[in-house]
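1. Output the structure for:
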Amino acid sequence: MKLTFTMAAVAAIMAAAPASADLTFSALSYRTGPYAANGIPFADGYQDYFTLLNERDGGIGGEKINLVECETGYNTEKGVECYESTKGSGALVYQPLSTGITYQLIPKATADSIPVHSMGYGRTSAKNGAVFPYIFNYPANYWDGASVAIKHLLDENGGDLSGKKIALVYHNSAYGKEPIRTLEELAKKHGYELSLLPVDHPGQEQKSQWLQIRREKPDYVIMWGWGVMNQVAIQEAVNIRYPMDHFIGIWWSGSENDVKPAGPKADGYKALTFHNLGMDYPLYDDMKKYVIDAGKAAGAGDQVGTVLYNRGMYAAMLAAEAAKTAQEMSGTTQITPAQMRDGMEHLVITEEKMAGLGLPNFGPEFEVTCENHGGNGFAAVSQWNAAEGHFNLITDYMQSDQEVLAPLVEADSKAYAEESGITPGCM
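-> Numbers count the residues shown, from 1 in each chain. Modelled structure (predicted):
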């Protein structure tokens, strides 16, 4: 079902392959390089869910699923090359798993009429589907994450952050810079002092940033990291004895691979999430029967049930449900990327639907519309329990501050439309 090739091999195979009635999905993955520890579990979960659908259900709507995976190494240029090499496969949707790659694909995929799902990452203002018709970032975006982090800190401080110091340790890239504007606006509203500490790629050297944190003693540290940067940051926090329960990462800084290298002293570290954790779901019974025990699990099969495996599985589930919606809307099982886009724009995720899929209480409900490609902005906070060896949810799902975020999304998307000569409107 899954094909993994170099970009040159993908191009050659696609050029020679006959047309297929299969539903093709693309995975721009990275199983190598400094971000592999985080890229592998997501890619495994994404693949295994599609394998489950093929083995248990015969695919989606009777159409077998073909997953074409291309290795990017989390490199933007390679990611664009992967897109160009695979778009001829008929891929229904791209999941770049990189903000940098997503930014580059926005104009390309839009021109090619191929949807992109940057789930919880990418350009936040792509939430405005009237400007970005082919880009989706549901169920939550980076600005939602920044706002929910602040909401949690407000709850921890009786609703008052005035005079508090908050440091943002962030990957010095488009990804890491995404929350800055939101945190600055929220600082004006809530009266906290924000300091910015960029960390250069890949994030292995952070001594100066954590020495500054030791000197300035911020009340809280928020992290926008990925890959090896997360591991190094958590270890540096341990080294300076920074209180772990005052250290909170975005959802890309909250996996088992991020905290385990620091050992028991990482206990109490917090991270945001837009889905639930663990394996206590009926879906995993089917996953075990049809995929794992059948010897068809992706990779080494050792990531099953981890935070990022669940996230990859969730992304595949959302893609599959959008494909089902597109099939219903178009009256055909052999949908095109443009029809897939329509399905994504009319996707409705309810608790009833999630329970029917074997994932009860796995994530918040949301509905996608032309004006809202980003969902409803709900996220929760998880915390690492070193003794138990897993993250636990410690809050309910909270909605981001839409009074602050909605105008920011409108302003940023409007500026993009003007720069790009786009007349906003629904398709």
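2. Contacts for stretch 28-40, please.
-> Contacts to stretch 28-40, defined as CB atoms under 8 Å, 6 or more residues apart in numbering, come from residues 4, 42-43, 46, 69-75, 79, 82-83, 94-98, 101, 202-204, 226-228, 230-231, 252, 255, 257-258, 299, 303, 308. C-beta: built from backbone N, CA, C; applies to glycine.
3. Keeping just the C-alphas, turn that stretch into CSV.
-> Provided in CSV are the C-alpha atoms of stretch 28-40 (Å, rounded to 0.1, in the frame of the first residue of the first chain):
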residue,chain,number,x,y,z
LEU,A,28,5.9,14.4,3.1
SER,A,29,7.7,12.7,5.9
TYR,A,30,11.1,12.8,7.5
ARG,A,31,12.5,9.6,9.0
THR,A,32,16.1,10.9,8.9
GLY,A,33,18.0,13.9,10.3
PRO,A,34,17.7,16.0,13.5
TYR,A,35,13.9,16.0,13.4
ALA,A,36,13.4,12.2,12.8
ALA,A,37,12.6,11.4,16.4
ASN,A,38,9.4,13.4,16.0
GLY,A,39,8.8,12.8,12.3
ILE,A,40,8.9,9.0,12.5
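4. Centre of the chain to that stretch, how far?
-> 14 Å (CA atoms, centre = their mean, to the nearest Å).
5. Stretch 398-416 too?
-> Distance of stretch 398-416 from the chain centroid (CA atoms, centre = their mean) equals 19 Å.
6. What are the buried residues along that stretch?
-> In terms of neighbour count (16 or more other CB atoms under 10 Å), stretch 398-416 has its buried residues at 398, 400-401, 404-406, 409, 412-414, 416.
7. Whichever of the contacts of stretch 28-40 end up buried, select them in PyMOL.
-> This is the PyMOL syntax for the buried subset of the contacts of stretch 28-40, where burial follows 16+ other CB under 10 Å:
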select buried, resi 4+42+43+46+69+70+71+72+73+74+75+79+82+83+94+95+96+97+98+101+202+203+226+227+228+230+231+252+255+257+258+299+303+308
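8. C-alpha coordinates for stretch 412-420, PDB please?
-> The C-alpha trace of stretch 412-420 is given here as PDB (Å, rounded to 0.1, in the frame of the first residue of the first chain):
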ATOM      1  CA  ASP A 412      -3.000  39.000   8.100                       C
ATOM      2  CA  SER A 413      -5.200  37.200   5.500                       C
ATOM      3  CA  LYS A 414      -6.300  40.500   4.000                       C
ATOM      4  CA  ALA A 415      -2.700  41.700   3.700                       C
ATOM      5  CA  TYR A 416      -1.800  38.400   1.900                       C
ATOM      6  CA  ALA A 417      -4.700  38.900  -0.500                       C
ATOM      7  CA  GLU A 418      -3.600  42.400  -1.300                       C
ATOM      8  CA  GLU A 419       0.000  41.300  -1.800                       C
ATOM      9  CA  SER A 420      -1.000  38.400  -4.000                       C
END
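9. what is the mean pLDDT for it?
-> Mean pLDDT, stretch 412-420: 97.
10. What is the distance between it and the centre of its chain?
-> 24 Å.
11. Which residues does it contact?
-> The list of residues contacting stretch 412-420 from outside it, by CB under 8 Å, 6+ apart, reads 107, 124-128, 130-132, 422-424.
12. quick one: buried residues of the biggest helix by length in the chain?
-> Criterion DSSP state H: the longest helix present in the chain is helix 307-330. Neighbour counts over helix 307-330 (16+ other CB under 10 Å) mark 307-327, 330 as buried.
13. now that helix, how far from the centre of its chain.
-> 13 Å.
14. next structured bit after that helix?
-> For helix 307-330, the following helix or strand on the C-terminal side (DSSP states H and E) is helix 337-345.
15. Check which helices and strands that next one is in contact with.
-> Here helix 337-345 touches helix 307-330, going by 3 or more CB pairs under 8 Å, 6 or more residues apart in numbering; DSSP states H and E.
16. C-alpha coordinates for the helix it packs on, CSV please?
-> What follows is helix 307-330, C-alpha atoms only, in CSV (Å, rounded to 0.1, in the frame of the first residue of the first chain):
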residue,chain,number,x,y,z
VAL,A,307,1.6,11.1,21.3
LEU,A,308,2.8,11.8,17.8
TYR,A,309,1.6,8.4,16.5
ASN,A,310,-1.9,9.3,17.7
ARG,A,311,-1.5,12.7,15.9
GLY,A,312,-0.5,11.1,12.6
MET,A,313,-3.4,8.6,13.0
TYR,A,314,-5.7,11.5,13.7
ALA,A,315,-4.5,13.4,10.6
ALA,A,316,-5.2,10.3,8.5
MET,A,317,-8.6,9.9,10.0
LEU,A,318,-9.5,13.5,9.2
ALA,A,319,-8.3,13.0,5.6
ALA,A,320,-10.4,9.9,5.3
GLU,A,321,-13.5,11.5,6.7
ALA,A,322,-13.0,14.4,4.3
ALA,A,323,-12.7,11.9,1.4
LYS,A,324,-15.9,10.2,2.5
THR,A,325,-17.6,13.6,2.6
ALA,A,326,-16.3,14.4,-0.9
GLN,A,327,-17.6,11.1,-2.2
GLU,A,328,-21.0,11.8,-0.9
MET,A,329,-21.1,15.3,-2.2
SER,A,330,-19.8,14.4,-5.7
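17. Please enumerate the helices of the stretch 1-150 of the chain.
-> With DSSP state H, counting those that start in this stretch as the criterion, the stretch 1-150 of the chain has helices at 7-16, 36-52, 76-86, 99-112, 142-156.
18. And the third one, what's buried?
-> Taking 16+ other CB under 10 Å as the basis for neighbour counts, the residues of helix 76-86 that come out buried are 76, 78-83, 85-86.
19. would you list the residues you listed in CSV and tack on distance to residue 208 and pLDDT?
-> Formatted as CSV, the buried residues of helix 76-86 follow (distance: CB to CB, whole Å; pLDDT from 0 to 100):
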residue, distance to residue 208, pLDDT
76, 26, 96
78, 30, 97
79, 30, 97
80, 32, 98
81, 34, 98
82, 35, 97
83, 36, 98
85, 40, 95
86, 40, 95
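20. Can you name the two of these that sit furthest apart?
-> 76 and 86 (15.9 Å; CB to CB).
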